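>>> Mind looking at a prediction? Sequence and model below.
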Amino acid sequence: MSAQPHALLVDRGNLRRRNRFNRLVEVSSTLAALLAVAVLVIVVGSVFLKGVGALSWHFLTTPTALFGESGGGISNAIVGTAIIVGIASVVAIPVGILVAIYTTEFAPDRVSHAIRFVLDLLNGVPTIITGIFIYGLLVVGHSQSGFAASVALSIVMLPIVARTAQEVLSLVPAILKEASSALGIAHWRTVVRITIPTAAGGLVTGALLGVARVAGETAPLLFASSIFRQGVLTDPGEALASIPIFIFQASESPKPEAHTEAWAAALVLIAIVLALNVVARAFYARSRKRMGA
Amino acid sequence: MDTRKQVRSPALSEQNQPEQQPTEPRAKTSVETAMPMRPVRRAERAGSRPAVGDIELKDLHAYYGSNHAVRGIDLDFDSGDVTAIIGPSGCGKSTMVRCINRMHEEIDGARAEGRVLLDGLDLYDPRVDIVAVRRSVGMVFQKPNPFPTMSVLDNVTAGLRLTGAPRGELEDRGREALTGAGLWEEVKGRLKGPGAGLSGGQQQRLCIARALAVEPEVLLMDEPCSALDPVATLKIEELIGELSERVTIVIVTHNMQQAARVADTTAFMLDGELVEVGPTEKLFTNPDDERTEQYVTGKFG
Amino acid sequence: METAIETRTQYQEELTQLEASALGGLDLVTAALGRTMEAVEHQDVELAQLVIADDDRIDGRYLEVHQSLITLLAVQSPVATDLRLISALLHVLKNVERMGDQCVNICKLIPLTGNEPPADAEMVKLILTMGKQTRALISQSQRAFEERDIEMARDLVRRDDAVDHLNRECFGLALEIGDDPDKREWAMTMLLTARAIERIGDNAVDIGEQVAFVVTGLFREFEDASHPEETIRP
């Protein structure tokens, strides 16, 4: 029974200051988090409030009205976005995943690093530049097309899909690959039957994130697919409507109803993007759980 | 897995098949000790067996880049024996063992030199198919690693399925392997369930079954019990005793008491070199080398 | 391999301590033997009683150290030299205990010889000499163990043989003691005393054999090349 314990319990003034500082940091970081959440809520909220008025079944199933008139919808824009993004995905997702497999499973370290670097650079290229590039390559001398837009979007999508896939593939525990190797299973078979299935969830994530990102990319569309015929078009050989272009064009109209329609389209777009993100995260979480991470 | 397999060598390319020299079962050298040789195990394995699964390391060196991790090891693993490799961290024991099934060279910048003879055949001969080597020399790792996307049965038969074994045999061979690993009774009701859904000890036994399913002659175990609780550890030690009838076992372990319990022969490594090798009883009652003495009595440093 | 931290220090200290305790038992035995010889010389019954009572200390030492060694075996999993040392110490303890018991046996005989002067002064002198030599023998065995000196341990055989020789001389003298029943009784008692001392000597040689075991890991009974005939072990 010494005096020691008591000495430890005595408040030396220091303690109060430290507590105050702790509290300060706690409070400010909580506020910052709340602010971030608030921003999302405000953005989504205001889009919702401003656009919900024009949102209706008619709106979603009727093509855009002729220029100058109102009462149309975004059915052609939805279909156009679906086709353009669809084609882009069909190109970018397999290529992205294959690139990821190459860098994590087959390439020597230095080559992997180089490819990763290139992908990061590609990711950082402003999409308007991608747009101009595709414009010069595929539009000038020919005409706009959904196809050209798809190519541009697939260039934007590729690094996202590849980097996410890469990350997930490298999370596959090395001991699984070692165990497979030790059983006398050939390398490529290990990749196909063990590595990829294990990382499957994460690969889906990468794909969905890529799709979510390009669904709203506007700049390439401005160059490659902004002047289109009326009605619901399905041939990617010609320019197609798309939701971002609709938003852009509707917001430029002098009519206030058109502005509301723009907000409504924005709401649809945000809903799609958010949904894709949420599903993508869910797949990612499941994939990580499976790998025991 | 009841009948002892005949000599089977890793596949070579068609051009050249070197002749197989049948090696005689090595006579146990009698060493003068005060303690009797481990009586139970020796009595069980009286009589000569065909020398299958005999490993000889000849002047083995291994490098990680410029790091000389294994220096000139000459070591024999007798057919049907359990040999433990002990030594402090970083002494090269795992590296050496990974040279036996040629896993070491999979690492970027790693290489091995020297010869590793399996029943007289040099596994480092350029004509030897690495994949076939791994079917003769199996491996179990420190952390249990069942394939997460496969069921229990699929896990056990993975080595067979993914190397082209006929589908009809899979279930039977899987069952045999699970029985051999002492796991059949515990999992027979959930063969289709996920492999990762078993307890740690069961998962490790599943990995052992998986390795056994390919019917290797040699089984390498790299600290197989480190991640397990004491009861699971003892079960696996018991299993090792049974398995040694059919496969030559080499076990790397940090746990000296474990080496003392399971191994017939123990080898002590230090800084990449083989310091001493001999009957386990001798190493733990009266080792020849002072460094061995220091290590086993825990007086290092 | 060098590390900054010494390992198993507590275990090592404990083992060293237990060795000192066990060998310390030999000090107790040497003292007991000394007093026993004094009691024999002066026919001192009270001193004899003291030695008998004091044997409790030797027995106590045996139990205490024995228990600690068993605990050490259970708890520390000793191997190699440590294991051989512990095994040897268990044997040494047993030897110590037996030596103490022999002293007690001798002391128990003393009242039986009564207060009469000894029948054969020669025999008494032999016995006292045996006692002195055996005390030296015990000391040598102790030193041999402490220093792990195999040569010194082997030399114990030679010195023990000398004690055995004296024992045989006693036997010879006893045979010629004559027909007087009192004298014969006295002679028998003296012979028993001599034999007890001889057995103490044998225990000391056993300790020497343990020295060899600790050092070499081999257990062999010592053989003295200069005495090819077998020594009759009682």
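Ah, there it is. Computed from a predicted structure; not experimentally measured. Residues are numbered from 1 along each chain as shown, chains lettered A, B, ... in the order given.

>>> Only C-alpha atoms from now on, for both contacts and neighbour counts.
Noted.

>>> ok, how many other residues are close to residue 173?
Using chain A. A:Pro173 has 15 neighbours, counted by other CA atoms under 10 Å in any protein chain shown.

>>> Hmm, no, I was thinking of chain C.
Per other CA under 10 Å, the neighbour tally for C:Leu173 reads 16.

>>> Backbone dihedrals for it, please?
Note on C:Leu173: its backbone torsions stand at phi -60, psi -40 [degrees, to the nearest 10].

>>> what's the closest non-adjacent residue to it?
Excluding the flanking residues, the one nearest C:Leu173 by CA to CA, 6 or more residues apart in numbering or on different chains is C:Met123, at 6.9 Å.

>>> What ranges does chain B have for its helices?
Per DSSP state H, chain B carries helices over the ranges B:39-44, B:93-100, B:130-136, B:152-161, B:170-180, B:184-187, B:200-213, B:230-243, B:256-262, B:280-285, B:290-296.

>>> Tell me where the stretch 51-200 of chain A is predicted with low confidence.
Counting by pLDDT under 70, the stretch 51-200 of chain A shows low-confidence ranges at A:67-70.

>>> residues in it within reach of chain B, list them.
For the stretch 51-200 of chain A, the residues found near chain B under the criterion CA under 8 Å from any CA of the partner chain are A:175-176, A:179-186, A:189, A:194, A:197-198.

>>> now, which of those residues lie within helices?
Short answer: those in helices (DSSP H) are A:Ile175, A:Leu176, A:Ala179, A:Ser180, A:Ser181, A:Ala182, A:Arg189, A:Pro197, A:Thr198.

>>> which one of those is nearest B:Gln294?
Relative to B:Gln294, the closest of these is A:Ile175; by CA to CA it sits at 33.6 Å.

>>> Contacts only, for that closest one.
By CA atoms under 8 Å, 6 or more residues apart in numbering or on different chains, the contact list for A:Ile175 reads B:Asn145.

>>> other SSEs contacting the helix or strand encompassing the residue nearest to C:Leu173?
In the assignment (DSSP states H and E), C:Met123 maps to helix C:121-147. If you count contacts as 3 or more CA pairs under 8 Å, 6 or more residues apart in numbering or on different chains; DSSP states H and E, helix C:121-147 packs onto helix C:9-42, helix C:150-175, helix C:181-216.

>>> Let me know which of those is tucked in deepest.
Compared across those, helix C:181-216 shows the largest average neighbour count, a mean of 22 (mean count of other CA atoms under 10 Å in any protein chain shown).

>>> and the angle from it to helix C:121-147?
Counting by axes from the mean of the first three to the mean of the last three CA atoms, to 10 degrees, helix C:181-216 lies at 10 degrees to helix C:121-147.

>>> how far does helix C:181-216 sit from the chain's center?
In terms of CA atoms, centre = their mean, to the nearest Å, the centre of helix C:181-216 is found 8 Å from the chain centre.

>>> coming back round to it: quick one: which of the residues of the stretch 51-200 of chain A next to chain B is most hemmed in?
Neighbour tally across these (other CA under 10 Å): the maximum, 30 neighbours, falls on A:Leu183.

>>> could you measure C:Ala204 against C:Ile86, distance?
Distance from C:Ala204 to C:Ile86, counting by CA to CA, to the nearest Å: 18 Å.

>>> from memory B:Gln202 sits against B:Gly182, does it?
No: B:Gln202 is beyond contact range of B:Gly182, at 9.4 Å (criterion: CA atoms under 8 Å).

>>> Can you name the residue of the stretch 51-200 of chain A nearest to chain B?
A:Gly184 (4.6 Å; CA to the nearest CA).

>>> which residues does that residue contact?
A:Gly184 sits next to B:Ile130, B:Val131, B:Ala132, B:Val133, B:Arg134, B:Arg135, B:Gly159, B:Thr163 when contact means CA under 8 Å, 6+ apart.

>>> residue contacts, the first one?
By CA under 8 Å, 6+ apart, B:Ile130 lies in contact with A:Gly184, B:Arg102.

>>> One more: the second one?
Residues touching B:Val131, when contacts are defined by CA under 8 Å, 6+ apart, comprise A:Gly184, A:Ile185, A:Ala186.

>>> Could you dump these into TSV with distance to B:Gly114 added?
Compiled in TSV, those are given as follows (distance: CA to CA, whole Å):
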residue	distance to B:Gly114
A:Gly184	22
A:Ile185	25
A:Ala186	25
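
>>> I'd like to know which of the residues you listed is nearest to C:Phe171.
C:Phe171 has its nearest neighbour among the contacts of B:Val131 in A:Gly184, at 82.4 Å by CA to CA.
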